[in-house]
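1. Dropping the sequence and predicted coords here.
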Amino acid sequence: MLALVDVNSFYASCEQVFRPDLRGKPVVVLSNNDGCVIAASPEAKALGLPMWRPAFESLPLLKQHGAAVFSSNYPLYGDMSRRVMETLATLTPALEVYSIDEAFLHMPDTASDLYAYGRHIRERVRQWTGLPVGVGVAPTKALAKAANRAAKRGGGDQICVIADERARIDCLRNMDVADIWGIGKRIAARLRHRGVHTAWDFTQLSDDWVRRELTVTGLRLKRELEGAPQAKLEIDPPAKKMIGTAKSFGTNLSDKTLIREALAWYVAETGEKLRRQNRLAGYLTVFLETNRFRPDDPQYVNQTGLRLPVPTSDTPELSRHALLAFERIFRPGYRYKKVGIWLSDLTVPRAVQQNLFDPPAHRDRSGTLMRVVDRVNRRYGKATLRTASAGFRREQWKLRQEHLSPRYTTRIDELLEVRS
DNA sequence: TCTGGGGTCCTAGGACCC
DNA sequence: TCTGGGGTCCTAGGACCC
């Protein structure tokens, strides 16, 4: 049996751990750039705020009810996530970290009472991290997801076990087709059109139809909901296939050199991620877009890719190519909202095909330089050392974060203070 | 004024190879 | 009248996840 454990209102709960005064109160967390509400404590959800609504539309109501509002604080959430996962690892022989706030785990053979073990998981995570979790238990991943959702719906002790046919059918009958893991808005609409309204209805479709209309992905999903596992836990996270950075600007930009600076900055961030994972990139994609929420503005979206002469993780080299790619797609006269870079065709350093005209000695020096840059930046702060192309005008494009909480758990100068 | 970021998988078509 | 078979690489689009 598998369990899917996830943290309730994860980002909002993280803020509450370090702000006891906010427990039991409406708390929301905004997306990057303070754009949308993306997490809400139960009290905030009770105000009827849909997620993903622009913050400026929801803020008046939030203010009226005295809600606390936070910008996303990823250093904090990332570290709290690590603590949750380390706690869960003590409770299972096998753990798959599925997302920042979710994990699949094998129930230990010794857990004879699955429900009681679910409660044990909840209590330990609460005690060790301060965070509330829900637990769904079932024989397959998709069913564990469904059970987890039912646990939330129940409103009781946040645990749901699907251990027999009756429980499985009952859970699927009470589940909207759009809530199935892997069924999004588009497919849900198509299914509804065919009279499929619940997860149970979905499992009653013919295999042929599902295969034809929803590809093998849909068929696998159907099998999982029928109780036949199609995927095992991924205990060692598979290597990434793409690494990238793409962020909206604090305001729309027309100035080409400012956009170039932002791109160079993102390239440096991406290069650092690449080196941390000990990978080299063979292919690079740059893209650029205007603000699609401004239909009255002229719209332009484009992207272009290029193969790197030799796979690399050297920031100056990546920057050079990224800026060349940028030149191919930039058009003056638009107000741009976002620029981004994706690196793909990732390989490990010892698998590289060398270039006759660019001997390894040269590359060893780049490796040494990048190691120094990364160490300096880790110690003295992001982009303390950077390429000149990243410039000195970040204030003009950096994202908005007006409600940022301290990095309580990762910065010594931002520790929580307690006064008696 | 203000609408996220980072990923994955699948399919299809075109260009090109021998 | 009739015009191959087996591939790779790249791009683009669609759909999904948290």
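-> That came in fine, so what should we check first? Residues are numbered from 1 along each chain as shown, chains lettered A, B, ... in the order given.
2. Point out where the stretch 51-200 of chain A drops to low pLDDT.
-> A:155 (pLDDT under 70).
3. Those residues of it touching DNA strand C, which are they?
-> A:98-102, A:145, A:180-188 (Cβ under 7 Å from any atom of the strand). The C-beta positions use only the backbone N, C-alpha and C, and glycine is treated the same way.
4. in which helix or strand would I find the closest residue to A:Ala142 other than its chain neighbours?
-> Leaving aside its sequence neighbours, A:Ala142 sits nearest to A:Glu224 (Cβ to Cβ, 6 or more residues apart in numbering; 3.5 Å). Take DSSP states H and E as the rule and A:Glu224 turns out to sit in helix A:207-225.
5. coming back round to it: just the ones in helices from the residues of the stretch 51-200 of chain A next to DNA strand C, please.
-> A:Lys145, A:Lys185, A:Arg186, A:Ile187, A:Ala188 (DSSP state H).
6. What is the most widely separated pair among those?
-> Using Cβ to Cβ, these span at most 19.2 Å, a distance reached by A:Lys145 and A:Arg186.
7. Among those two, which residue is more densely surrounded?
-> Using other Cβ atoms under 10 Å, the more surrounded residue of A:Lys145 and A:Arg186 is A:Lys145, with 24 against 8.
8. Give me the neighbour count for the spatially closest residue to the more buried one that is not a sequence neighbour.
-> For A:Lys145, ignoring the flanking residues on the chain, the nearest one in space by Cβ to Cβ, 6+ apart is A:Trp181 at 4.1 Å. Applying other Cβ under 10 Å, we find 17 residues neighbouring A:Trp181.
9. is it true that A:Trp181 touches A:Ala144?
-> No - taking contacts as Cβ atoms under 8 Å, A:Trp181 lies outside contact range of A:Ala144: 9.1 Å.
10. And A:Ala150, how far from DNA strand B?
-> Per Cβ to the nearest atom of the strand, to the nearest Å, A:Ala150 is found 23 Å from DNA strand B.
11. Now do the host helix or strand of that residue against helix A:207-225: the angle between them, please.
-> Taking DSSP H and E as the definition, A:Ala150 sits inside helix A:141-154. Interaxial angle of helix A:141-154 relative to helix A:207-225 (axes from the mean of the first three to the mean of the last three Cα atoms, to 10 degrees): 70 degrees.
12. for the helix or strand following helix A:141-154, packing partners?
-> Next helix or strand after helix A:141-154 toward the C-terminus (DSSP H and E): strand A:159-161. In terms of contacts (3 or more Cβ pairs under 8 Å, 6 or more residues apart in numbering; DSSP states H and E), strand A:159-161 is packed against helix A:114-129, strand A:133-138, helix A:141-154.
13. hmm, back to that, quick one: buried ones out of the residues of the stretch 51-200 of chain A next to DNA strand C?
-> A:Tyr98, A:Ile100, A:Asp101, A:Glu102, A:Lys145, A:Ile180, A:Trp181, A:Gly182, A:Ile183, A:Ile187, A:Ala188 (16 or more other Cβ atoms under 10 Å).
14. In a markdown table: these, plus distance to DNA strand B.
-> Converted to a markdown table, these look like this (distance: Cβ to the nearest atom of the strand, whole Å):
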| residue | distance to DNA strand B |
| --- | --- |
| A:Tyr98 | 11 |
| A:Ile100 | 8 |
| A:Asp101 | 11 |
| A:Glu102 | 12 |
| A:Lys145 | 15 |
| A:Ile180 | 16 |
| A:Trp181 | 12 |
| A:Gly182 | 10 |
| A:Ile183 | 14 |
| A:Ile187 | 12 |
| A:Ala188 | 17 |
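15. OK, contacts around the closest residue to DNA strand C within the stretch 101-250 of chain A?
-> Nearest to DNA strand C in the stretch 101-250 of chain A, going by Cβ to the nearest atom of the strand, is A:Gly184, at a distance of 2.2 Å. Residues in contact with A:Gly184 (Cβ atoms under 8 Å, 6 or more residues apart in numbering) are A:Ala178.
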